[in-house]
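Prediction below, plus the sequence it came from.
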Amino acid sequence: MCGIVGIVSTELVNQQIYDSLLLLQHRGQDSTGIATMDGSVFHMHKAKGQVREAYRTRNMRSLRGNIGLGHVRYATKGAANREEEAQPFYVNAPYGIILVHNGNLTNTRELEKELFNIDRRHTNSTSDTEMLLNVLATELNSQVYGKELLPNHIFNAVKSVHKRIQGSYASIALIAGHGVLAFRDPFGIRPLVIGKRITKDNKTSWMCASESLVLENNDYQIYRDVEPGEAVFITLDGDIYFEQCAENPKLYPCSFEYVYLARPDSVMNGISVYEARLRMGDLLAETIKKTISSGEIDVIMPIPDSSRPAAMQVARQLGIEYREGLFKNRYIGRTFIMPGQAQRKKSVRQKLNAMGTEFKGKNVLIVDDSIVRGTTSKEIVQMARFAGANKVTFTSAAPPVRYPHVYGINMPSTNELIAYNKTIPEIAKLLLADNLVYQEINDLKKAIITDSTISNLDMSCFDGKYITGSVNSEYLAWVENTYSS
């Protein structure tokens, strides 16, 4: 999971990109980068850490041009603490290409051999993004050798990329002297949306971003989502071209975007994230009714912030008082995307504080968006008990996470997943909770795709069904051995 943005504008884009990355900070806090294009000259700055820490006035002044892209990184492939792994990545031929990528490639072992032995290309990091960039550069070079670059050359190159690359990828690239290319994998696993803005002098600016809220906050009208397998090319003058580049595209957006990753004020694939989370609460309440007597619960509380919509609906459906008893330190990042169990565990106590008056002597039902490793959940149950709670019922708006996620979320190891090979009572015991209730898998799917044209979701971390054919038991074992934190 990362956040990406690309802009073709009638004015300088450095501030727009910076503002956009602030809005996408929740999608990655390991590193960030901005690249702009002034004519055919690239300007780039990238650094470790969060957006507000990474850019100074001198950096922003150097990012000249009306076209550019930006990235915030959450490390899933490559080391989190190495600046060399930060995006964007650059190659000088053909033309010069700079690229950012959100997702995970699942055939990197094969690509590494192909790039070195066949394409004669060198990558200088362990990032799959650099591999994707070099595959794109190779295929584009084969299309344009000795020719003037045209949109059909770019689209033909993307068609070849789709045939060589497996996994999830939403990508944006700058092509020196020509424009911006955006494309999405044939399953549309990771999100990418396009926005349009008409200036007073009737000129058009375009923006592509991971989430729709970025477009709206920069006064762009949502134009539409990039379709699965589709490529979009925007020229320096703002002319836009679309083409479907996959042979058999199917939309399988990642269900975890709606559970946790995305901001609630975004719309992805035509689905409001906030409304999906409300429906998760409605359906979770039905499961709670079947499991626990309402007389055993005094108050319902969310774990801020992403579980709040679901918790409000649980309280409403059960007719039980909704209270805020856990308060968040806004200066601590999202614990889920912090590297290493020790850092996650330490950050829970720094991030959340339990207010004793809301817990003392009460039977409390706590709603979280999901339970992955159980680190946060166990700490919160203990905090509730220390604050004086009589009984603690813990609930999850998502089903048990029993399988690794290989499409852009750092869940590579089954050993890290608290629900792996365990029953719900066994998990409750580990969490020190009196009761534990999970969302049903079918209910999660129903909550997300209700009143939508979407019929499928990637739910691999819940049901173990991987939509890209290269993911098998051998691959999962390799991922676990290679990328476990």
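That came through fine. Computed from a predicted structure; not experimentally measured.

quick one, strands of the stretch 301-450 of the chain?
Here the stretch 301-450 of the chain has its strands, by DSSP state E, counting those that start in this stretch, at 321-322, 326-328, 352-354, 363-368, 391-396, 435-438.

what's the spacing between the fourth one and its chain's center?
Mean-position distance between strand 363-368 and its chain equals 27 Å (C-alpha atoms, centre = their mean, to the nearest Å).

That strand - what's its average pLDDT?
For strand 363-368, mean pLDDT is 97.

cool, stretch 137-148 as well?
Here stretch 137-148 scores 89 as its mean pLDDT.

Touching that stretch from outside, list them.
Applying C-beta atoms under 8 Å, 6 or more residues apart in numbering, the contact partners of stretch 137-148 are 91, 93-94, 97, 115, 119, 121, 153-154, 156-158, 160-161, 164, 175. Just so you know, the C-beta spots here come from the backbone N, C-alpha and C atoms, and that holds for glycine as well.

just stretch 260-280 next, same as before
Stretch 260-280 has contacts (C-beta under 8 Å, 6+ apart) with 1, 23, 26-27, 188, 191, 193, 211-213, 222, 225, 251, 253-254, 257-259, 306, 309-310, 312-313, 336, 369-370, 397-398, 409, 439, 443-444, 446-450, 452-454.

Buried among these? Need that as a selection in ChimeraX.
Typed into ChimeraX, the next command selects the buried ones out of the contacts of stretch 260-280 (criterion: 16 or more other C-beta atoms under 10 Å):
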select :1,23,26,27,188,191,193,211,212,213,225,251,253,254,257,258,259,306,309,310,312,313,336,369,370,397,398,409,439,443,444,447,448,449,454
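
Of the contacts of stretch 260-280, which belong to helices?
Those of the contacts of stretch 260-280 mapping onto helices are 23, 212-213, 309-310, 312-313, 443-444, 446-449, per DSSP state H.

Name the residues of stretch 50-66 that come out as buried.
By 16+ other C-beta under 10 Å, the buried positions in stretch 50-66 come out as 50, 51, 54, 55, 59, 60, 63, 64, 65, 66.

just to revisit the earlier point, which of the ones in helices among the contacts of stretch 260-280 sits closest to residue 482?
For the ones in helices among the contacts of stretch 260-280, the closest approach to residue 482 (C-beta to C-beta) belongs to residue 444, at 29.2 Å.

Surely the closest one is in contact with residue 255?
Yes: applying C-beta atoms under 8 Å, one finds residue 444 in contact with residue 255, separated by 6.4 Å.

shared neighbours, these two?
Shared contacts of residue 444 and residue 255, defined by C-beta under 8 Å, 6+ apart, comprise 459, 462.

Buried residues, the helix ranked longest in the chain. List them.
For the chain, the helix that runs over the most residues, judged by DSSP H, is helix 273-291. Across helix 273-291, burial judged by 16+ other C-beta under 10 Å covers 273-285, 287-288.

Give me the angle between that helix and strand 391-396.
Computed with axes from the mean of the first three to the mean of the last three C-alpha atoms, to 10 degrees, the direction of helix 273-291 lies at 130 degrees from that of strand 391-396.

quick revisit: kindly reformat the strands of the stretch 301-450 of the chain as CSV containing distance to residue 402 and mean neighbour count.
Output for the strands of the stretch 301-450 of the chain, formatted as CSV (distance: least, C-beta to C-beta, whole Å; neighbours: other C-beta atoms under 10 Å):
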stretch, distance to residue 402, mean neighbour count
strand 321-322, 30, 14
strand 326-328, 26, 16
strand 352-354, 26, 18
strand 363-368, 17, 24
strand 391-396, 12, 24
strand 435-438, 11, 22
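
Export those as JSON lines, with columns for distance to residue 44.
Shown next, in JSON lines, are the strands of the stretch 301-450 of the chain (distance: least, C-beta to C-beta, whole Å):
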{"stretch": "strand 321-322", "distance to residue 44": "47"}
{"stretch": "strand 326-328", "distance to residue 44": "34"}
{"stretch": "strand 352-354", "distance to residue 44": "37"}
{"stretch": "strand 363-368", "distance to residue 44": "39"}
{"stretch": "strand 391-396", "distance to residue 44": "41"}
{"stretch": "strand 435-438", "distance to residue 44": "44"}
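
Pick out whichever of the buried residues of stretch 50-66 sits closest to residue 375.
Nearest member of the buried residues of stretch 50-66 to residue 375, counting by C-beta to C-beta, is residue 50, at 21.4 Å.

Name all residues that make contact with the closest one.
Applying C-beta under 8 Å, 6+ apart, the residues near residue 50 are 25, 29, 32, 72, 333.

Now, of those residues, which are buried?
25, 29, 32, 72.

Could you dump those residues into a markdown table with pLDDT, secondary structure and distance to residue 435 added?
Formatted as a markdown table, those follow (pLDDT from 0 to 100; DSSP: H, G, I helix; E, B strand; the rest coil; distance: C-beta to C-beta, whole Å):
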| residue | pLDDT | secondary structure | distance to residue 435 |
| --- | --- | --- | --- |
| 25 | 96 | helix | 35 |
| 29 | 92 | coil | 33 |
| 32 | 96 | strand | 41 |
| 72 | 97 | strand | 37 |
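
Just send those residues back as a markdown table, with distance to residue 40 too.
Formatted as a markdown table, the buried ones among the contacts of residue 50 follow (distance: C-beta to C-beta, whole Å):
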| residue | distance to residue 40 |
| --- | --- |
| 25 | 31 |
| 29 | 33 |
| 32 | 25 |
| 72 | 26 |
